[in-house]
Every structure is written in C-alpha cells, then in structure tokens.
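Below are the sequence and a predicted model for it; my questions follow.
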Amino acid sequence: MNLSQTPKHIKVVIKTISAQSFLKKRLLSLGLSVGKEIEVTEMSLQKNTIKIALGFSAIALRMEEAQMIEVEVVA
Amino acid sequence: MKKLIIALVGQPNVGKSHLANALSGSNLKIGNFAGVTIEKALAVFTKESYSIEMIDLPGLYSLDDFSADEKVTKDFLMNESYDLILNVVDSTNLERNLSLSTQLMELNKKMVIALNMDDEAQKEGIEIDAEYMSQLLGIPCVKVSSKTKANIDILTKTILHISDSEIHASKLFFSDPIEIELQKITTFLDEKHFHHKIYSNRSIAIGLLLQRKHIYALMHEFPLFI
Ligand SMILES: Nc1nc2c(ncn2[C@@H]2O[C@H](COP(=O)(O)OP(=O)(O)OP(=O)(O)O)[C@@H](O)[C@H]2O)c(=O)[nH]1
Ligand SMILES: [Mg+2]
C-alpha cells in the first residue's frame, strides 16, 4: 500500500521511498525516511493533498508525492 | 573590544528569532540587509569583552537549494564572513533537525547547538542527554528555552568560550561503505599533497561524494585529476 491509499488515523511504517534523489533528500530533510512511523490525519476534499503526523510535527503532501511512499500497517 | 559575528541557522519555526531576542537582551536592533529580497535580521549587543553581531537567517530544512529563501541562507553561509554558527534546533523534533546539523558540520566552521524549546520537550517527557550529545558530535550542545529564558546565560558563555578556542574537525561519520570511499578520496588528495585553506581533505571527499555543488566548483579550479 502506498501513502495515498492509506486511510486516516492508522499508524503505518515507511517501507520504501521511490523518488528521484533530489526529492528523496527533501523528504528526508522533512523527516520522512524508511522505518518512520507516520499517520494520515487529514485529507483535502478533492483528495489531492494529505496531512500526516510524524513525531511532533505535521507535514502536508501532495498525492503525487504520497504515491511514492510505500507503507505497511504497524502490527 | 573583539568583534564576533554569529550566524543563527536552523529549520523553520524552531525559535531562532526568539532566541536572538533572548540572547541579545534589550540591546536588540533589528535591521534589514541591503540587496536581498528576504529579510536577514541583525542584533548587535556587547557581552564581556565582545561586541556581538547576530545574524538571524531565514529558516531552512537543508542546504540543497530547494527554495529561494533557503538559497539566501545557504549563500550567506558559503560566501559571507562570520565566526560561528549557532545551530538552533527544536528539541521536540530532534531527528529531523539534526539532518540539517550534519550538513552544517560539513562547512568546517565553529559551531554551537542550541537545543531550544526545552520547556516543551520536558512537558512531552523527552529527555536529551546534552552532555553525551556534545561528546558524540564534538560540538557543544546546550538545552535552552527562549520562552522561559532558561540556560540562556550558559549558552552565551559557551558561545564565547568556543569563539576563544581553536576550531577542531567535526565528528561526522558515515556508514562503512561510505567511509571506505571517503578514505580512498582522502588518500588520493593527500598523495597529491593537496591542501585547502578552509576545507580538510576529508571534508572535500565528503563534499564530492555527496555531490555538493560548491565543493565541485571549488575542486574544478585545481588541475588535480590529470
Ligand atoms: N515553548 C516554546 N516556544 C518557543 C520557544 N522558542 C520559540 N518558541 C515559539 O516558536 C515559534 C517560532 O519562533 P520563531 O522565533 O519565530 O522561530 P524562527 O526559527 O525564527 O522561525 P523562522 O524565522 O520562520 O524560521 C513562536 O511561536 C515562538 O513563540 C521556546 O523555547 N519554547
Ligand atoms: Mg525567524
């Protein structure tokens, strides 16, 4: 499952990020890296933006970027 | 009186401006820099035998030139003269904040880390071993709160102490495969008797391997690889 398909309020862990190096670095500097536990907290009405919670911060992502992030539900 | 220029650097919203206020007390003068579209605030105050100039740079997530205001800060750090980086981090978001800190460590500048928002961290039950962190990084790390003003005096003392001391190489280590390649490049540079006035050969190796544009530009000037 990728992050764009993840329902709200379910804790997931990042498995892979399949972005080009520049974007990947950017996501990393925002705190998104493999192994991180995150949760989708909001979704825009047209479903083109999501808000995710990560530790003590919140990040907004476009669906395009969210699709690049493979996640797995935390057991 | 000795003049000391401090660059305040940190990710957005970590409390750089508040900390600048707390450190400079009531002697704060905020002004704009000429020639840039994005504001760089400046605080001037005196402490002990120092005249301190503090430059509050726009927040940035990394030194990768992602946006125009991030580039302002990066260009300042690369090209302007200053004595010390005060890296402000949000104690409640340490891991994310430290990704910028490691990039700053590549710059070979004197550095102090302010673990800001310590009041928040304590509320959240986050415990940071600042002493151990200082040892690991080879950079003094001081827990502060620009809100409650806790430890602001210790931070000032630390900054003055570091500016009086010799600069020493940062303790930036990578995973084994990267360390092996760094070693190869460093050895190559050593064998060519290459010396740069600011960057050590290891720093240059790091810059080349991590594809830092400024290091590529710098090395481009030397006919080493023929
Ligand atoms: N609890 C707490 N809040 C703080 C502290 N320092 C700053 N803040 C708050 O954090 C927010 C951001 O502070 P600023 O000083 O504007 O942050 P900045 O790093 O200058 O932000 P940019 O310039 O936008 O990158 C403000 O709402 C401050 O009140 C602190 O030590 N503790
Ligand atoms: Mg600010």
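Yes, it's here. Because the structure is a prediction, the values reported are computed rather than measured. Numbers count the residues shown, from 1 in each chain, chains lettered A, B, ... in the order given. Ligands and ions are numbered 1, 2, ... in the order given.

Name the residue closest to the centre of chain B, please.
Geometric centre of chain B, nearest residue: residue B:85, 4.0 Å, by Cα atoms, centre = their mean.

Could you double-check that that residue lies in contact with residue B:110?
Yes: counting by Cβ atoms under 8 Å, residue B:85 does reach residue B:110; the two are 7.1 Å apart. C-beta coordinates here come from the backbone N, C-alpha and C atoms, glycine included.

I'd guess the residue nearest to the centre of chain B is in a strand, am I close?
Yes: counting by DSSP: H, G, I helix; E, B strand; the rest coil, residue B:85 falls inside a strand.

and it, bridged to which residues?
On DSSP bridges, the residues paired with residue B:85 through beta bridges are residue B:7, residue B:111.

Tell me who's in contact with it.
Contacts for residue B:85 (Cβ atoms under 8 Å, 6 or more residues apart in numbering or on different chains) come out as B:6-7, B:9, B:77, B:104, B:107, B:109-112.

in stretch B:11-28, what counts as buried?
B:11, B:14-24, B:28 (16 or more other Cβ atoms under 10 Å in any protein chain shown).

same thing with stretch A:28-46?
Quick answer for stretch A:28-46 (16+ other Cβ under 10 Å): A:28-33, A:36, A:38, A:40, A:43.

which ones among these are found in strands?
A:38, A:40, A:43 (DSSP state E).

tell me the pLDDT at the last one?
Right, residue A:43. Note for residue A:43: predicted pLDDT of 93.

ok, how many other residues are close to the closest residue to it other than its chain neighbours?
The spatially closest residue to residue A:43, leaving aside those adjacent along the chain, is residue A:50, at 5.2 Å (Cβ to Cβ, 6 or more residues apart in numbering or on different chains). Counted with other Cβ atoms under 10 Å in any protein chain shown, residues neighbouring residue A:50 total 21.

Likewise for residue B:100?
Based on other Cβ under 10 Å, the number of other residues close to residue B:100 is 21.

Next: residue A:55.
15.

tell me the contacts of it?
A:31, B:92-93, B:95-96.

ok, of those residues, which come out buried?
A:31, B:92-93, B:96.

The worst-scoring helix or strand of chain B on mean pLDDT and ligand 1, are they touching?
The weakest-scoring helix or strand in chain B, judged by mean pLDDT, DSSP states H and E, is strand B:41-47 (a mean of 79). No: judged by Cβ under 6 Å from any ligand atom, strand B:41-47 makes no contact with ligand 1; its nearest approach is 8.7 Å.
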